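In: quick one, what's the 3D model for this:
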Amino acid sequence: MNETILGYSVTTGSVDECLSDIVAGIEKGGRRRYFVCANPHSLEVAREDREFELALKSADLIVPDGIGIVIASKILGGSIRERVTGMDVFLGLSAALNKETGFRYFFLGSTGSTLNRIAEKMKKDFPGITISGTYSPPFKHEFSDEDSRIMIDNVNRAGPDVLWVGMTAPKQEKWIYRNRDRLNVKFIGAVGAVFDFYTGNVKRSHLFFRKTGLEWLPRLLRQPRRLWRRNFISNPSFLLRVISSRMAGEKAGR
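Out: Residues are numbered from 1 along each chain as shown. Predicted structure coming up:
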C-alpha cells in the first residue's frame, strides 16, 4: 500500500513488507525495478530540480527514510508509522538473499578503497552473496555520456542481480532514472550514505536516536557545515508545506 505525500507515492509498508516485495520481484526477474529514499530535504530539492522529481516519482518503491516523512503522514492523516531506511533495505535484503544461492551484487559509487572494504566485509557478513563487481566513477558534478557508458558496461559485464548505487542524492537517482533501461539487472537501490555507514567510514547514530527519530541530531553535531541547510531550511520548509496542505483540506491519499 502507498499513500500520497505532497505528490509522492510513499509506501506505508513495514521494513519486512518492503523486503518481501523486493525479494519476490528479484526472484521473479523481469524488468528493472528501483527504489529510492524519501526525506524532507530530498523532496525540497526536487522542487527546483525537475529531473530529480521525475526520478523519485518514477521509482517502483519510495520508502519513508526521514522522520519528517513519518510526521508528515501523521499530519495528513496517513498510516506511515515507522521509517524504512536505505540501511534497513540493504541489510535486510542481504540477509534474505544470503539464505539462497547464486545471487550477485554490484556496487557503483564512492572510492576504490571504500568499495574494497565493502567487498571484504560482505564476504564475512553475507558469504552466500557473490560480489560480481565494483566500480568507482569519476568524482564530478555531472557525468558525461562516456562516463555513463563505461559504468553501464562494467555493470552489464559483471551480470549482477542487484545494483547498489551510492553517489549521494540527487546524482544517484537521476543517473538511475536516465540509464535504468540500459542496465541488465533485476533491482537497483539508490542508497547514498549506506556505503559509508556499512564500512564504518561514517559512524551511524546510536540505536536510541534511530528509534526515537533523532538520528539526524548526532549527525548534525558531527557535520554541521554539511547538514545545517537540510535541518534548518529544508525540514521546516517541508513541514510548512505539509501543514498548509492539511489546512487546505488535503489528506494522505491512497
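
In: helices of the stretch 151-254 of the chain, residue ranges please.
Out: For the stretch 151-254 of the chain, helices defined by DSSP state H, counting those that start in this stretch occupy the ranges 171-179, 194-199, 207-211, 216-222, 224-229, 235-247.

In: correction: the previous question concerned the stretch 1-150 of the chain.
Out: Along the stretch 1-150 of the chain, the segments classed as helices by DSSP H, counting those that start in this stretch run 15-28, 40-45, 50-57, 67-75, 86-98, 112-125, 145-158.

In: and these as a markdown table, adding distance to residue 186?
Out: C-beta: built from backbone N, CA, C; applies to glycine. Shown next, in a markdown table, are the helices of the stretch 1-150 of the chain (distance: least, C-beta to C-beta, whole Å):
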| stretch | distance to residue 186 |
| --- | --- |
| helix 15-28 | 5 |
| helix 40-45 | 24 |
| helix 50-57 | 19 |
| helix 67-75 | 26 |
| helix 86-98 | 11 |
| helix 112-125 | 18 |
| helix 145-158 | 12 |
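
In: need the winner for burial among those helices.
Out: helix 40-45 (a mean of 23; mean count of other C-beta atoms under 10 Å).

In: and it, average pLDDT?
Out: In this model, helix 40-45 has an average pLDDT of 96.

In: between the helices of the stretch 1-150 of the chain, which one is closest to residue 189.
Out: helix 86-98 (6.3 Å; C-beta to C-beta).

In: show me what the closest one is packed against.
Out: helix 15-28, strand 61-64, strand 162-166, strand 187-190, helix 194-199 (3 or more C-beta pairs under 8 Å, 6 or more residues apart in numbering; DSSP states H and E).

In: to residue 207, which of the ones you listed lies closest?
Out: helix 194-199 (13.3 Å).

In: run the chain-centre distance for that closest one.
Out: Remark: helix 194-199 is offset 12 Å from the chain centroid, using C-alpha atoms, centre = their mean, to the nearest Å.

In: and it, what does it pack onto?
Out: helix 86-98, helix 112-125, strand 162-166.

In: at 7 Å what do you get?
Out: Judged by 3 or more C-beta pairs under 7 Å, 6 or more residues apart in numbering; DSSP states H and E, the packing partners of helix 194-199 are helix 86-98, helix 112-125.

In: make a markdown table out of the ones you listed and add mean pLDDT and distance to residue 159.
Out: Below are these laid out as a markdown table (pLDDT from 0 to 100; distance: least, C-beta to C-beta, whole Å):
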| stretch | mean pLDDT | distance to residue 159 |
| --- | --- | --- |
| helix 86-98 | 97 | 15 |
| helix 112-125 | 98 | 16 |
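
In: as CSV, those with distance to residue 63 would be great.
Out: Compiled in CSV, these are given as follows (distance: least, C-beta to C-beta, whole Å):
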stretch, distance to residue 63
helix 86-98, 7
helix 112-125, 21
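
In: select, out of those helices, the one closest to residue 173.
Out: Nearest to residue 173, of the helices and strands packed on helix 194-199 and by C-beta to C-beta, is helix 86-98 at 11.7 Å.

In: need the contact partners of the closest one.
Out: Residues outside helix 86-98 that contact it (C-beta atoms under 7 Å, 6 or more residues apart in numbering) are 15, 18-19, 22-23, 35, 37, 63, 65, 103, 126, 128-129, 164, 189, 191-192, 194, 197.

In: quick one: low-confidence parts of this structure?
Out: Applying pLDDT under 70 to the chain flags residues 204-206, 209-214, 216-223, 225-231, 253-254.

In: what sits closest to residue 170 if chain neighbours are left out?
Out: Distances taken as C-beta to C-beta, 6 or more residues apart in numbering place residue 52 nearest to residue 170, at 4.0 Å, with adjacent residues excluded.

In: the one you found reaches residue 45, doesn't it?
Out: Yes: using C-beta atoms under 7 Å, residue 52 makes contact with residue 45 at a distance of 6.3 Å.

In: between these two, what contacts are shared?
Out: With contacts taken as C-beta under 7 Å, 6+ apart, the residues that reach both residue 52 and residue 45 are residue 170.
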